[in-house]
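S.K.: coords please:
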Amino acid sequence: MMYPFMTLPDETEIVHSEMVNGKVKVYMETPDEKLCFKHATCYLPEQKWEGIYGYSEKEIEYLKDIVKSEAHLILEFSQTGGLLNASNF
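M.R.: Below is the predicted model:
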């Protein structure tokens, strides 16, 4: 299951999976007129990126900064049912 985490001002959606075997999948998707959607996947905690499509180097660096700064929350939420259950903290 994927849980919503954040929507950026450019309509990029960031979602994450539950933690499985110590890993969490973080998926980003941005609407794009030409490409339909840009997308990328990052696996935490090692921050391994793959499946990058449509993003410029500058955009990927921006997304990497966001994931890095929010990784502690994503990892925590991935073990407790996502942001929807954050009020349980």
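
S.K.: for this structure, just list every one of the strands.
M.R.: 2-7, 13-17, 24-32, 36-44, 48-53 (DSSP state E).

S.K.: what residue ranges in the protein score low on pLDDT?
M.R.: Scanning the chain for pLDDT under 70 picks out 81-89.

S.K.: re the thing from before, what's the most buried one of the strands of the chain?
M.R.: Comparing those by mean neighbour count (mean count of other C-beta atoms under 10 Å), strand 13-17 ranks first with a mean of 20. All C-beta atoms are positioned from the backbone trio N, CA, C, and that covers glycine.

S.K.: quick one, that one and strand 24-32 angle?
M.R.: 160 degrees (axes from the mean of the first three to the mean of the last three C-alpha atoms, to 10 degrees).

S.K.: what pairs with strand 13-17, and is each one parallel or antiparallel?
M.R.: Note on strand 13-17: by DSSP bridges, its sheet partners are strand 2-7 (antiparallel), strand 24-32 (antiparallel).

S.K.: understood, closing this out.
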